[in-house]
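Trainee: Predicted model follows, preceded by the sequence.
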Amino acid sequence: MTETHVKTGHPKGLWVLFGTEMWERFNFYGMRAILTLFLVNSLMMKEEDASLIYGGFLGLCYLTPMLGGFIADRFFGNRNCILLGGLMMAIGQMLLFASASIFGTNIGLANTLMWSALGIIIFGNGFFKPNISSMVGSLYPKQEKSKLDTAFTIFYMGINLGAFLGQLICPIVGDVKDADGIRDIHAFKWGFLAASVAMLIGTALFYVLKNKYVVTPEGRPLGGLPSKNAAEDYEEGESQKAVFSSTALMVAGAMFLVLGAIIHFVFDQNLIYTLIYSSGLTLAGLIVSDSSLTKVERDRIFVIYIVAFFIIFFWAAFEQAGSSLTFIADNQTDRNFFGWNMPPSMVQIFNGLFVVAFAVPFSMLWDYLRSKDREPISPVKQAVGLALIALSYFIIAYNVKDLGNSGLLAIKWLILLYLIQTCAELCLSPIGLSLVGKLSPKRFSSLLYGVFFLSNASGYALAGTLGSIMPATGDKFMKAKELGIDLQAVLDKTVTPTAEQLALLSKNQIPDHNPIFAGFEIHNLFEFFMVFVVLCGLAAVVLFALTPVLKKLMHGVR
C-alpha cells in the first residue's frame, strides 16, 4: 500500500478529484444561477424562451458526455479530456463575460457571443464530466468496490460545496439590486468572470496533482492513454475492447434518424430536444449490440438503463431550481431572510449548503447499514429519492394554493423544499454514479457514464419543457393592471383582448393564455407544482416495484 492510499479510508486521489470537481461546479452552478435572469433582463428574452434555452443548454451539457466518454475510452484518456474540458469551459465563461459587457451597445454581437459561449461550455462539460466520474471509480480495485457508494457521496459533497460557493459568490457580484429593488443589468458580467476564474483554478489543481495522487494503489497513473492500459486494469476474462459490427453501426445510424423524425414530428419536440432523446436511445441500443458482452455484463448494463430512465423524472423536477423556481423567487416570494432581502438567484444556494451539511451523515448511514447487512440496494435508495422530491413539491403546492395574484410565498417554504430535495438528491444522484461504476465493464466505463448522464440530459430537456408551462405569477398581473388590462379576465377568456392590448402584453413579456400540458390547462401555481408531484410519485412507485427484477439482473452487485 503506497502513500497515495490511506489504509483505513479512501485514496488521496479522491480528494484531488473532489477539489477539481468542486471548482468546476462553482463555475457551472454559479453561471447557472444567473443565466436565465441575464437572458431575460439583459438580452430581453421572454421567460418562456429563457426556460426553453436553459433546459436545452443543460440537456446538451449532459448529452456531450457521451462523445467525451467515447473519445476518452478510445483515444485521449480521462486525464487529457479533463484538462481539455476545463479549459473550454473557462473560455466559454469569458465569452459570457464579454456578452454581458457589450449588450447595451451591440445587442446582436452580445447574442452571438452568448450562443458561442454556451456551445463551448456544452462541449467542455462533455469532455470533463464523464471522465472525472470514471476516474473516481477507477481509484478503487475490485476488492474495494463496496466503498463506492461512500466514495461518490464524498465526491458529491465536493460537487455541492462548489455549487454552494458558486451560487453564493456569482449572485453577490452578478445579481445586484439597489435600495429600490432596481436590478443593475450590467453586473451580470462579474458573475460570469468569477465562474471563469474558478474553472481555471480547478484545471490547474488537477494538472499539478494528478501524477502524484491520481494513481492506482501500486502507484501507476490512472486515466492515461487507452493504448497504455495494463492487463491488470481489467477483470479476469473481461474483454479489453468493444466489438461493434458494421451492421450494428449502420442500424444505429438508421435508428437515430427514425427516432429523431418520430420525436420531432410526432411528439413536436424542438431540434435540440430531439437530438438529446434520439441520441440517448440510439447509443443505448448500440452498446448492448457489442458482440463481446457476456450475459452478466449485458444484464448489468440493462440495470443502468432502467435506473437512468427513472432518473429523468427526478432531474426534470429538480432542475426547476434554475428556471421556474428562480422566477417564483424573483416575482412572488418574500425573500426577507433575517432582515436581509436575499437576491432571487441566490435562494437555490440552500441546496448546495444542505448537501455539504448532509453528505457525510448520509455516507455514514450507508456504511452503518452495510456493516449490519441491512443496506438497501441502489434502486431502492433511488426510489426513495423520487418519493422525497414528490413530497417537496406537494408541500410547496399546498402553500401556494391560496396565494392568489398578489400574495407572497414565505422564503421558508422554498428553503424547506430545497432541504427535502437535498435528501432526495443524496439518495439518488451519487448512488447512481456509484452504480455505474460497479456495473460497467471497464472498456465501456467512461462511455456508460456518458449514457448515464444522458438521463440527466433528458431530464433537463424535460425540465425546460415543464418550466415553460409555468402560469403567470403575481408580478405579471400587477404589470398588466398598470397597462389597464385585466389579465385574469383575459386568461379566463371572459374578455377578448384587443390587438393593441395583445401587443402590450407581448412587449412586456406577459402571457395572454394559460399553458397546456398533456391536454390539461394549467391555471395556477398549485396545478403547476402538482404536475411534478404526479410524475415523480408515479416514477417512485414503479421503480420500487421493479427492484426485485433489478436485483436479479445485478448478479450480486448491491
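Mentor: Alright, I've got the coordinates. Residues are numbered from 1 along each chain as shown.
Trainee: Determine the longest helix present in this protein.
Mentor: helix 107-138 (DSSP state H).
Trainee: Tell me what angle the helix or strand following that helix forms with helix 107-138.
Mentor: Next in sequence after helix 107-138, counting helices and strands by DSSP states H and E, comes helix 148-174. Calculated by axes from the mean of the first three to the mean of the last three Cα atoms, to 10 degrees, helix 148-174 forms an angle of 160 degrees with helix 107-138.
Trainee: for the stretch 451-558 of the chain, what spans make up the strands?
Mentor: Assigned by DSSP state E, counting those that start in this stretch, the stretch 451-558 of the chain shows strands spanning 516-517, 520-521.
Trainee: Actually, the stretch 151-300 of the chain.
Mentor: Under DSSP E, counting those that start in this stretch, the stretch 151-300 of the chain gives strands at 176-177, 183-184.
Trainee: Just send those back as JSON lines, with mean neighbour count and mean pLDDT too.
Mentor: Just so you know, the C-beta spots here come from the backbone N, C-alpha and C atoms, and that holds for glycine as well. Below are these laid out as JSON lines (neighbours: other Cβ atoms under 10 Å; pLDDT from 0 to 100):
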{"stretch": "strand 176-177", "mean neighbour count": "15", "mean pLDDT": "85"}
{"stretch": "strand 183-184", "mean neighbour count": "15", "mean pLDDT": "89"}
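Trainee: looking at the ones you listed, which is closest to Lys442?
Mentor: Nearest to Lys442, of all these, is strand 176-177, at 48.6 Å by Cβ to Cβ.
Trainee: for that closest one, packing partners?
Mentor: In terms of contacts (3 or more Cβ pairs under 8 Å, 6 or more residues apart in numbering; DSSP states H and E), strand 176-177 is packed against strand 183-184.
Trainee: Quick one: residues contacting Leu37.
Mentor: Asp175, Arg183, Phe188, Thr326, Asp330, Pro344, Ser345 (Cβ atoms under 8 Å, 6 or more residues apart in numbering).
Trainee: burial count for the fifth one?
Mentor: I take that to be Asp330. By the criterion of other Cβ atoms under 10 Å, Asp330 has 22 neighbours.
Trainee: Give me the phi and psi for the closest residue to it other than its chain neighbours.
Mentor: Using Cβ to Cβ, 6 or more residues apart in numbering and skipping the chain neighbours, the partner closest in space to Asp330 is Pro344 (3.7 Å). Main-chain dihedrals, Pro344, degrees, to the nearest 10: phi -60, psi -30.
Trainee: what sits against Pro344?
Mentor: Contacts for Pro344 (Cβ under 8 Å, 6+ apart) come out as Leu37, Asp175, Thr326, Ala329, Asp330, Thr333, Arg335.
Trainee: how many neighbours does the residue nearest to His264 when sequence neighbours are not counted have?
Mentor: The spatially closest residue to His264, leaving aside those adjacent along the chain, is Thr274, at 4.3 Å (Cβ to Cβ, 6+ apart). Thr274 has 20 neighbours, counted by other Cβ under 10 Å.
Trainee: sorry, back to before: output the strands of the stretch 151-300 of the chain in TSV; the columns should cover distance to Asn524.
Mentor: Formatted as TSV, those follow (distance: least, Cβ to Cβ, whole Å):
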stretch	distance to Asn524
strand 176-177	27
strand 183-184	26
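Trainee: For the stretch 201-350 of the chain, give me the ranges with low pLDDT.
Mentor: Applying pLDDT under 70 to the stretch 201-350 of the chain flags residues 227-243.
Trainee: ok, which stretches of it are helices?
Mentor: For the stretch 201-350 of the chain, applying DSSP state H, counting those that start in this stretch gives helices covering 246-261, 271-288, 295-318, 324-331, 349-371.
Trainee: Any buried residues in the second one, and which?
Mentor: The reference is to helix 271-288. 272-287 (16 or more other Cβ atoms under 10 Å).
Trainee: which helices and strands sit right next to it?
Mentor: By 3+ Cβ pairs under 8 Å, 6+ apart, helix 271-288 packs against helix 47-61, helix 65-71, helix 246-261, helix 295-318, helix 445-467.
Trainee: List the buried residues in the first one.
Mentor: Okay, so that is helix 47-61. Applying 16+ other Cβ under 10 Å to helix 47-61 flags 47-48, 50-61 as buried.
Trainee: Tell me how far the residue nearest to the spatial centre of the chain lies from Leu63.
Mentor: For the chain, the residue sitting closest to the mean C-alpha position, by Cα atoms, centre = their mean, is Asn456 at 5.6 Å. For Asn456, the distance to Leu63 (Cβ to Cβ, to the nearest Å) stands at 9 Å.
Trainee: same check, this time on Val208
Mentor: 31 Å.
Trainee: Comparing the two, which residue is more hemmed in?
Mentor: Taking neighbours as other Cβ under 10 Å, Val208 and Leu63 compare with Leu63 leading, 28 against 10.
Trainee: Just list the residues touching Met346, thanks.
Mentor: Contacts of Met346 by Cβ under 8 Å, 6+ apart are Ala33, Gln167, Leu168, Pro171, Ile172, Asp175.
Trainee: Just the buried residues out of the residues you listed, in PyMOL syntax.
Mentor: Typed into PyMOL, the next command selects the buried ones out of the contacts of Met346 (criterion: 16+ other Cβ under 10 Å):
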select buried, resi 33+167+168+171+172+175
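Trainee: Report the two of the contacts of Met346 separated the most.
Mentor: Largest pairwise distance in these, by Cβ to Cβ, is 11.2 Å, between Leu168 and Asp175.
Trainee: mean confidence score for stretch 529-541?
Mentor: In this model, stretch 529-541 has a mean pLDDT of 97.
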